[in-house]
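Q: Have a look at this fold, sequence not included:
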């Protein structure tokens, strides 16, 4: 994108703040060393001979992979702090003999049974008490210390890491017992200055007189006069199933704020557990990275009791599982664009640091997931290049050999039923070897983002507490249907429009807004983002004032993080940003609204302008899109659900409008007539990743306006390409290509800080 009006000093500070988000000496060392980080999950808990292990690991190494993830290898405790590592050592030794690094999965949150017994506890009691209990924490420290001290110096750990987290389960979103109540009370005290502040946050009528009754006659008023009152009110909300918050109760109008804090409490508990495990590991080993894992990045995270963005920042790297069978329920099984979206989110949750598509499908799936998938060399290349295009330095596959029976029997594997290496494993090995050859550039490459898309934990939380409308029950399960999906679908839609129009983007969160990174993005989009804090709105106002381009659709910021209406009108923060506001939101289901050739779906609003000019109008003449010059920048307010209307394929007119509003007339630095094309840059060369999701061959023509090339190569085909414009490459149906274009001397200028 062409240069923006953003104040240069403001932009420089923002780029520095973004580079500092996850910076550390270890991250800088990883970028210098550029390890070869493509691997395989080896899951076989049976006893194997040393020769069998060596043979299998040698086959993995021979294909070009650099590490194995080892599961089911925990040592046997003989006495407190004394472990038998024979089973572990045989696997580490075999990996080292094959030249492979190891990522060992030890269930490091599991406590030492002997240490628990000394305190009169067992495993069930430890699970109930959790890591917040000092006895459980001490028992976990015993086991972590023994394992890390034993393994850290093993040759197989060279290039390895300590994984924690993984695929967390849904949390129980209620105050379940006295232990929960005590901890929730402590959590409240740490976050609110007084019980009166809790009352003001939770109650939708905070000034109601104590003699009045709220909603139901004869019921005591919902009044927080003490910390005990707050805990009592929270504990009175009946528990539901894991991953289910109950807003529709006897207190249905009053408990939004209470539920918000219960869910936030659960998410913070998970983050604290990751922080503790990371600290325990680092006490014994500061050399190897600790990496935190997640999955289901396209889901509503508060609905599951998670804060992925918060947890991802805890350690030295972020990894996720990405399976077409399991993780694309919210997009009805669609494959190619969601692959990039989840890979993008994996990287963006740990901007500037080590990220990994750490468990991605290695083979065909028939029954075990919500959707099945085939596997062949072309799809394998598509998977891997999607992860690379999104900026992940590492990839690993689930799994080398399939489970021998039961659920997942024969599925996901890189080897066939007969044990032979599959054609897609050969293809994966070819990509892995190319990654090894160019690993220094991949570790230094930049994504050059033009657009930031804000994801809002508070909006996900509040929409998940709404009653379940009939016409929103359209997903395969509770995790892909209902009001809780509205912001998620808008987030997907904004990404779809950016992908199809080759707008390089990153996903942002409110923590990053407060860290001061907004000025690093020429444009920022707010998709169906109803719940925003005052701090976030202040950061957005500062961004526009300093020259940023801000685009928001109809839901923007009309509620606070506790789902209470925000004042609008002249002088209020929304008006100061946009030169107008949405004065009422309507459901288009019962009203036919159009803007040019676009039929409006979802919500639309009564857009009132004070200083803004009207860019587009609804068919009846009312304002539909406005634009306001605020300081050096421009704020665009869209009076309808534009991003959510791009959720599913088939609305090119909506995608085109969204992309046009984000670009604002700026000329892109490059373009391709194959939609799924991405570029990552380093000082010496640019890497282009292309995916053809059609069933016919496509010749992609790439026009580059912002630099010149003096040479080029199709890396997977190992053939030269003509560096003159346009770059032309034919991509087979359903396949992918990877181009490296060497930059001419005048085009090798320094890039902004790594992002």
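A: Arrived safely, thanks for sending. Small disclaimer: the values here were computed from a predicted structure and weren't measured.
Q: I'd guess residue 722 is in a strand, am I close?
A: No - under DSSP: H, G, I helix; E, B strand; the rest coil, residue 722 sits outside any strand and is assigned coil.
Q: In contact with it, which residues?
A: By C-beta atoms under 8 Å, 6 or more residues apart in numbering, the contact list for residue 722 reads 712, 728. Where C-beta positions appear, they are placed from N, C-alpha and C, glycine not excepted.
Q: cool, and residue 495?
A: 337, 341, 344, 453, 505, 507.
Q: so where is this protein shaky, pLDDT-wise?
A: For the chain, applying pLDDT under 70 flags the ranges 1-4, 208-221, 240-254, 747-755.
Q: Give me the spatial nearest neighbour of the spatially most central residue of it, chain neighbours excluded.
A: In the chain, the centroid-proximal residue (C-alpha atoms, centre = their mean) is residue 345; its distance is 3.4 Å. Once flanking residues are discounted, residue 345 sits nearest to residue 297: 4.4 Å by C-beta to C-beta, 6 or more residues apart in numbering.
Q: For the one you found, which residues are in contact?
A: Residue 297 is in contact with 308, 320, 327, 341-342, 345-346, counting by C-beta under 8 Å, 6+ apart.
Q: Ok, residue 670 next?
A: Residues near residue 670 by C-beta under 8 Å, 6+ apart: 502, 679, 702-706.
Q: any idea how far residue 388 is from it?
A: Distance of residue 670 to residue 388, computed by C-beta to C-beta, to the nearest Å: 18 Å.
Q: now the helices: where do they sit in the stretch 601-750 of the chain?
A: All helices of the stretch 601-750 of the chain, identified by DSSP state H, counting those that start in this stretch, fall at 652-663.
Q: What residues sit buried inside the longest helix seen in the chain?
A: When the chain is scanned for its longest helix (criterion: DSSP state H), the result is helix 256-284. By neighbour count on 16 or more other C-beta atoms under 10 Å, the buried set for helix 256-284 is 256-278, 280-282, 284.
Q: before we move on, back to that, correct me if wrong: the residue nearest to the centre of the chain contacts residue 505.
A: No - here residue 345 does not reach residue 505: they are 10.9 Å apart, not a contact under C-beta atoms under 8 Å.
Q: What residues does the closest residue to residue 601 other than its chain neighbours make contact with?
A: In this structure, residue 601 finds its nearest non-sequential neighbour in residue 645, 5.4 Å apart by C-beta to C-beta, 6+ apart. Neighbouring residues of residue 645 by C-beta under 8 Å, 6+ apart: 493, 598, 600-602, 651, 654.
Q: of these, closest to residue 580?
A: Nearest to residue 580 among these is residue 600, at 18.3 Å by C-beta to C-beta.
Q: what about that closest one, neighbour count?
A: Residue 600 sits with 23 neighbouring residues when counted by other C-beta atoms under 10 Å.
Q: what's the answer for residue 385, then?
A: There are 26 residues near residue 385, going by other C-beta under 10 Å.
Q: backbone phi and psi for it, please?
A: Dihedral angles of residue 385 (phi, psi; degrees, to the nearest 10) stand at phi -70, psi -30.
Q: surely it meets residue 689?
A: Yes - taking contacts as C-beta under 8 Å, residue 385 lies within contact range of residue 689: 4.6 Å.
Q: Common neighbours of the two, please.
A: Joint contacts of residue 385 and residue 689 (C-beta under 8 Å, 6+ apart) are 736-738.
Q: With respect to residue 443, which of those residues is nearest?
A: Residue 443 has its nearest neighbour among the shared contacts of residue 385 and residue 689 in residue 738, at 15.9 Å by C-beta to C-beta.
Q: What strand or helix carries the spatially closest residue to residue 203 that is not a sequence neighbour?
A: Closest residue to residue 203 apart from its sequence neighbours, by C-beta to C-beta, 6+ apart: residue 222 at 5.9 Å. Under the criterion DSSP states H and E, no helix or strand holds residue 222.
Q: Good, we can wrap up now.
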